[in-house]
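Peer 1: no sequence on hand, only this structure:
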């Protein structure tokens, strides 16, 4: 019965996991950077600003990356805190002001100098015996913003938030297919956690992967575990293609729900969830 649902998910993946369905999405910016040193920096900035109206997200990310030039890595190597403050004076995007974006960029600069790369910093936090992604993400976040000066830009993994944008960033950098560009070679896709937003939370409840009332960290782990039963080696594989529904005007969430609800596995998962409670 799990094969029936996997067949449906693979069909959706095959149909919609294509670059033609990326625009508009901040993931687009990552395609401009063939060098992983640049891509991981651009990707983190794009992910941190990925909230609110997509048109404004694209405008704000574009402004930051245009200021940093063709190579964000080289920009950081030749810039100090004073230059960064000058370059981003007057920056404003929703809850984020110039102090927040400068704190983020200075944090990235410090991490790159200390660890050689953002991936290097992430991996430095995985020697604690804990699960790789939670440990690495906590260490990376703490290293980027030890004084919590980035405001809303960086979610705190130690709290109850699903940290959707942080896990979205990891998906971009770890997975490599027709949509996700990858670049990080030392983190395996099977370690990733679903970037849980309202769309994926609804899908997770439809599939019976979670019965939690809110899309929090616990729900993200439950939904990830549900997808892991379908695809153990790549549990976030279907994230992009599934979340096109409800985001793109031509793809209705109700149609996706109708398609998924035909699976026997959905009914079984819901029965299992009831038994656990």
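Peer 2: That came through fine. Treat the numbers as computed from the prediction; the structure is a model and nothing was measured.
Peer 1: quick one: low-confidence ranges for the stretch 101-250 of the chain?
Peer 2: 128-131, 249 (pLDDT under 70).
Peer 1: what about residue 159, distance to residue 218?
Peer 2: Distance of residue 159 to residue 218, computed by Cβ to Cβ, to the nearest Å: 12 Å. (Each C-beta comes from the backbone N, C-alpha and C, glycine too.)
Peer 1: and these two? Which one has more around it.
Peer 2: residue 218 (13 against 9; other Cβ atoms under 10 Å).
Peer 1: which residues does the more buried one contact?
Peer 2: Residue 218 makes contacts with 160, 212, as judged by Cβ atoms under 8 Å, 6 or more residues apart in numbering.
Peer 1: which is the next helix or strand following the helix or strand that contains it?
Peer 2: In the assignment (DSSP states H and E), residue 218 maps to helix 217-230. Counting by DSSP H and E, the next helix or strand C-terminal to helix 217-230 is helix 239-242.
Peer 1: off-centre distance for that next one?
Peer 2: Mean-position distance between helix 239-242 and its chain equals 12 Å (Cα atoms, centre = their mean, to the nearest Å).
Peer 1: also stretch 71-79?
Peer 2: For stretch 71-79 - counting by Cα atoms, centre = their mean - the centre lies 24 Å from the chain centre.
Peer 1: give me the contact list for it.
Peer 2: By Cβ under 8 Å, 6+ apart, stretch 71-79 touches 33, 35, 37-38, 41-42, 45, 65, 68-69, 87, 105, 108-109, 112.
Peer 1: show me what counts as buried in that stretch.
Peer 2: By 16 or more other Cβ atoms under 10 Å, the buried positions in stretch 71-79 come out as 71-73, 75-76, 79.
Peer 1: mean confidence for that stretch?
Peer 2: In this model, stretch 71-79 carries a mean pLDDT of 97.
Peer 1: what's the answer for stretch 21-30, then?
Peer 2: 94.
Peer 1: buried ones in the helix or strand that residue 99 is a member of?
Peer 2: Per DSSP H and E, residue 99 falls inside helix 98-115. Buried residues in helix 98-115, defined by neighbour count with 16+ other Cβ under 10 Å: 100-112, 115.
Peer 1: what of stretch 230-245?
Peer 2: Within stretch 230-245, judged by 16+ other Cβ under 10 Å, the buried ones are 230-231, 234-245.
Peer 1: next one: it to chain centre, how far?
Peer 2: Per Cα atoms, centre = their mean, the centroid offset for stretch 230-245 relative to its chain is 12 Å.
Peer 1: which residues touch it?
Peer 2: Taking Cβ under 8 Å, 6+ apart as the rule, stretch 230-245 contacts 2, 5-6, 9, 12-13, 15-17, 21, 167, 171, 175, 177, 179-180, 189-190, 192-195, 197, 199-200, 203, 224-225, 227-228, 251-253, 255-256.
Peer 1: what about the helices in the stretch 101-250 of the chain?
Peer 2: 118-124, 132-144, 164-174, 198-206, 217-230, 239-242 (DSSP state H, counting those that start in this stretch).
Peer 1: buried ones only from the contacts of stretch 230-245, please, as a ChimeraX command.
Peer 2: Remark: buried members of these, expressed as a ChimeraX selection using 16+ other Cβ under 10 Å:
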select :5,6,9,12,13,16,17,21,167,171,175,179,180,189,192,193,194,195,197,199,200,203,224,227,228,251,253,256
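Peer 1: done for today, thanks.
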